[in-house]
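Here you go, sequence then predicted model.
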Amino acid sequence: MIQFEKFTLDNGLRVIVHQDVTTPMVAVNLLYDVGARDENPGQTGFAHLFEHLMFGGSVNIPEYDTPLQMAGGENNAYTTNDITNYYVQLPKQNIETAFWLESDRLFSLAFSKKSLDVQRKVVCEEFKEHYINKPYGDAWKHLRELAYTQHPYRWMTIGKELKHVEDAQLDDVKNFFFKHYRPVNAILCVAGNVTTDEVKTLANKWFGDIEPGEKYTRQLPTEPIQTAARTESLVRKVPIDALYKAWHIPARMEKGYHESDLITEIMGNGYASRLYQTLVKEQQVFSSINCYHTGSLDAGLLVIEGKVKEGFTLEMANSAVKEQIDLLVENGITEDELQKAKNKIEAMIAFEDMSILSRANNLAFYELLGDAALINEELNQYQSVTSASMLETARMVFRPENENTLFYKAEQ
C-alpha cells in the first residue's frame, strides 16, 4: 500500500506528497495533461517538440541542466500520445532547486527564435534517424494510419510528417504552451523524505502565483468501431520481411483493458510465451516475435509483430499467427497460464514500486486517471481477472473485422 496525501493550490495545480523516510533523495514529477492526441491534425509533433523546448531555458534561467547538476540532481522527460511528463531526482536538502526550476519554466519559458531553431533541428534529426532512415522505421506510421481513421492516435508522438515540425513558428508554439502548460492542467508529485507541510510551503512559494489558465476540455473525435479487416503492403530496403498486426482494445479505464494486458503476456511476452514457443522455437516461421499493447488512455491497440524467417512468405507467417489466435479464441487459456501472467504483473508492480521516481511518476499518472488512490487498486484489478473474462475479451478483440495487417516486405 503506497501512502500519500494530496492538496490543490488556488490556481488549480494538484499536488501529491508521498513520504519515504528511508531515502536521502527526493523525486519531483510534473505531469501535464497534454499529448500528441491534443494536436491540430495540420500541426502535429508539437507536444514532443515542446518537451525539447522546455529544456531550452526560461526568462530567469538560461540553462535548465546546469543549476540542477550543481545541486546533484538529474532529470528527464517523455511525451506520449496522452501525456507529457517531466521528472527530477536530487538530494533532499536541495529540493527547492527542483521547485525553482520547474516553476520558472512554467511561469516564463523563454520563447526565442534561437531556442526554437535549435530544438526544431534536434527533433527533425530524430525524426529522420528513427522514422525515415532506420529499417522498419515507418512501420508504426503506416500501422497507426491503417488502424485509426478518425482518432488522433492515427499519428505518432513525433508527428504525422516531418514538415509539420519544420514549419513550426514561434506564435504556434506560444499558443500551444499557453493552452496546455497551465497549473490547472498539471499534476505535481513529490516523493521522498518530505512532509506535506514542507511541500505545501514550497508549492505555494514557487507555483502559487502562476496564473491558473483555462482548463483544457478535451473533445476528440471518437474512433468508429471497425467493421472490416484492413490490409496494407509495403516494399522497403530492409533485411527480411516483417509482419505487423493490430486489433483495437478497450480504453485504459474500461472493462477488458486488464484482460487485454494479460493476453499480451501469455501470447507474446518472453521466451515462455505461446507465440515464441510455437512460431519461433518449434515451427521456426519467425526469427523473433512480440505481442504487446499501446497502453493508451483512449481505446488502444494490441499488436503482434515479428520478423519472418527466410523460406517463409508473409502470407505463410500471417496464417501461422492466425492459427494461434484461433486457438486462443476457441479454447481460451489455462488456469496455469493465467496465474503465471498474474505473477509476472505482480512482480513488475513490486519492482516498479522500489523506486521513488517510479512511485512519483505513477501517483501523478493515476491522479490523471481520476484518483491517485487507484495505484493501490491496480493489482486487485489484475487478480480479479478470470479465465472466463479472458476468453470473453479475446473473442471481442480478435474479431475478424477488428484486424489490421501490415505486410512489410523486403525489396528483392
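Sure thing, it's come through.

can you pull out the strands in this structure?
5-8, 14-19, 25-32, 74-79, 84-91, 186-192, 230-236, 242-248, 286-293, 301-308, 403-410 (DSSP state E).

what comes up buried for the first one?
So that's strand 5-8. Judged by neighbour count (16 or more other CB atoms under 10 Å), strand 5-8 contains these buried residues: residue 6. For every residue, glycine as well, the C-beta is placed using N, CA and C.

Also stretch 381-393?
382, 385, 389, 390, 391, 393.

who's in contact with that stretch?
The contact list for stretch 381-393 (CB atoms under 8 Å, 6 or more residues apart in numbering) reads 256, 258-263, 329, 332-335, 338, 342, 345-346.

Which of those residues fall in helices?
Those of the contacts of stretch 381-393 mapping onto helices are 258, 259, 260, 261, 262, 263, 329, 335, 338, 342, 345, 346, per DSSP state H.

Do you know the pLDDT at the closest residue to the third one other than its chain neighbours?
Meaning residue 260. Spatial nearest neighbour of residue 260, chain neighbours left out: residue 249 (4.2 Å); criterion: CB to CB, 6 or more residues apart in numbering. Here, the pLDDT recorded for residue 249 equals 98.

count of neighbours near residue 249?
For residue 249, the count of nearby residues is 27 (other CB atoms under 10 Å).

For it, what are phi and psi?
With angles defined as degrees, to the nearest 10, residue 249 sits at phi -130, psi 170.

in terms of contact, does it touch residue 295 like I think?
No. Residue 249 lies out of contact with residue 295 (CB atoms under 8 Å); the separation is 9.8 Å.

OK, contacts around the closest residue in space to residue 397 that isn't next to it in sequence?
Nearest residue to residue 397 in three dimensions, chain neighbours excluded: residue 247, at 5.0 Å (CB to CB, 6+ apart). Residue 247 is in contact with 301, 302, 397, 398, 399, 402, 403, 404, counting by CB under 8 Å, 6+ apart.

go with 10 Å
By CB atoms under 10 Å, 6 or more residues apart in numbering, residue 247 lies in contact with 147, 226, 260, 263, 293, 300-304, 325, 396-399, 402-404.

and what of residue 399?
Going by CB under 10 Å, 6+ apart, the list of residues near residue 399 reads 225, 226, 227, 229, 247, 248, 329.

Return the member of these nearest to residue 351.
Comparing the contacts of residue 399 against residue 351 with CB to CB places residue 247 closest, at 28.4 Å.

Point out the one among the strands of the chain that comes closest to residue 206.
strand 186-192 (9.9 Å).

returning to that earlier point: could you export the buried residues of stretch 381-393 as JSON lines, including pLDDT?
Formatted as JSON lines, the buried residues of stretch 381-393 follow (pLDDT from 0 to 100):
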{"residue": "382", "pLDDT": "98"}
{"residue": "385", "pLDDT": "98"}
{"residue": "389", "pLDDT": "98"}
{"residue": "390", "pLDDT": "98"}
{"residue": "391", "pLDDT": "98"}
{"residue": "393", "pLDDT": "98"}
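
Now compare these and name the two farthest from each other.
Every pair of those checked by CB to CB; the farthest is 382 and 391, at 16.4 Å.

which residue sits closest to residue 361, ignoring its sequence neighbours?
residue 29 (5.2 Å).

surely that neighbour meets residue 88?
Yes. Checked against CB atoms under 10 Å, the pair residue 29 and residue 88 is within contact range at 7.8 Å.

Between those two, which contacts overlap?
Residues touching both residue 29 and residue 88 by CB under 10 Å, 6+ apart: 98, 102, 190, 357, 360.

Just list the residues touching the residue nearest to residue 270 when sequence neighbours are not counted, thanks.
Leaving aside its sequence neighbours, residue 270 sits nearest to residue 276 (CB to CB, 6+ apart; 7.0 Å). With contact set as CB under 10 Å, 6+ apart, residue 276 has these partners: 267, 268, 269, 270, 282, 286, 288, 289, 290, 291, 306.

Please convert those residues to TSV, extending it with distance to residue 216, neighbour count and pLDDT.
Converted to TSV, those look like this (distance: CB to CB, whole Å; neighbours: other CB atoms under 10 Å; pLDDT from 0 to 100):
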residue	distance to residue 216	neighbour count	pLDDT
267	37	25	98
268	36	23	96
269	35	19	90
270	39	11	90
282	51	9	98
286	43	26	98
288	40	13	97
289	40	25	98
290	35	18	97
291	34	23	98
306	39	25	98
